[in-house]
Structures are given as C-alpha cells and as structure tokens.
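Undergrad: here is my input; please provide its structure:
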Amino acid sequence: MNETISSAMALLIPITAVAASFAALIVWIVVSSRRRMHAIESRHKERMAAIDKGVDLPPDPLPQPEQMPPHSRYLMRGLIWLGVGLAITFGMHGLLHAPPIGGVGWIPVAVGAAYLIFYLAEGLRLSRPKRGKPPSGGDQTP
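TA: A predicted model of the protein is given here:
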C-alpha cells in the first residue's frame with residue numbers, strides 16, 4: 001500500500017506542476033487583456049468627453065517601444081525551446097519507460113537550435129561593417 005501511495009505521489013507532482021503552469025499562463029493572459037481593454041476604454045471615454053465639450057482631441061499616444069530588441073528575442077526563444085526539448089527528452093526517459101515519448105523532445109530541441117543559429121548568424125550580420133560607397137575626396141577606381 002505504501003508503494004502505491006508513493007507511486008501516485010510521483011505522478012501527481014509533475015501533473016500538478018504542469019497544471020499550475022497552465023493556470024499561471026491563463027491568469028497572465030487574462031490580466032494583461034483586461035489591462036489593455038481598460039486602457040482602450042479609458043482612452044475612448046476621454047476622447048468622447050473631449051468631443052462633447054468641443055475641445056480639440058488630445059493627440060494619439062506614441063506607440064510604446066517593445067521592451068526587448070528583436071534580436072535578443074531569438075536568443076530567448078531558442079533557449080526556451082531548447083530547454084523544453086531537453087526536459088521532455090531526458091525527463092520522460094525514466095518516468096514512463098517509453099523511449100518513443102522521449103524521442104518527441106528532439107523536435108523542440110531542433111527548433112531551439114534553429115533559433116540559436118539564427119540568433120548567432122544575425123549577430124554576425126549586424127556586427128559586420130556595412131559596405132557602401134567609399135568616402136568622397138579621393139581618386140578611387142573600382
């Protein structure tokens with residue numbers, strides 16, 4: 001009986017972790033959506049009040065710059081995909097005693113590796129000096 005309880009707990013821990021992760025993701029999506037909707041609604045009310053009073057409309061707010069530069073997003077995505085893939089590949093190895101399920105983890109590993117390769121290639125491309133016209137003021141023949 002004690003072995004049954006310990007094996008049930010061993011399965012319950014990962015299931016609880018996955019469920020809590022999904023719950024946190026859903027809560028984050030709902031909260032950010034409500035915040036965005038509240039901002040849109042407040043802006044609409046402000047503009048309608050300005051129209052009713054006959055006042056000039058306030059200018060549209062400038063779009064917020066993205067918090068993370070596009071180049072570094074590929075690094076983050078690559079590391080996340082790589083980590084998830086490695087966790088699936090090596091985490092499932094001893095849990096279910098089914099090698100085919102662990103083999104599925106190589107797919108996100110490949111996606112993560114592709115993102116990391118793109119990140120490195122893009123970094124090399126951005127770090128190279130641009131070839132343009134030679135500086136004026138000299139006799140230079142092609």
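Undergrad: drop to CA atoms for contacts and neighbour counts, all remaining ones
TA: OK.
Undergrad: could you chop this structure up by domain?
TA: With domains defined by automatic domain parsing, the chain comprises 1-62, 65-129.
Undergrad: which of the ones you listed is buried the deepest?
TA: For these, the stretch with the most neighbours on average is domain 65-129, a mean of 15; neighbours defined as mean count of other Cα atoms under 10 Å.
Undergrad: I'd like the average pLDDT over that one.
TA: Averaging pLDDT along domain 65-129 yields 79.
Undergrad: just confirm Ala113 contacts Leu82, I think it does.
TA: Yes: using Cα atoms under 8 Å, Ala113 is in contact with Leu82, at 6.5 Å.
Undergrad: helix or strand for the residue nearest the centre of the chain, which one?
TA: Centroid-nearest residue in the chain: Arg77, 5.7 Å away (criterion: Cα atoms, centre = their mean). Per DSSP states H and E, Arg77 falls inside helix 70-95.
Undergrad: so what's the gap between that helix and the chain middle?
TA: Per Cα atoms, centre = their mean, to the nearest Å, the displacement of helix 70-95 from the mean C-alpha position of its chain is 12 Å.
Undergrad: is it true that Leu82 touches Tyr115?
TA: No: in this structure, Leu82 is not within contact of Tyr115 by Cα under 8 Å, at 9.1 Å.
Undergrad: and the gap between the residue nearest to Ala114 when sequence neighbours are not counted and His71?
TA: Once flanking residues are discounted, Ala114 sits nearest to Gly78: 7.2 Å by Cα to Cα, 6 or more residues apart in numbering. Using Cα to Cα, to the nearest Å, Gly78 is found at 12 Å from His71.
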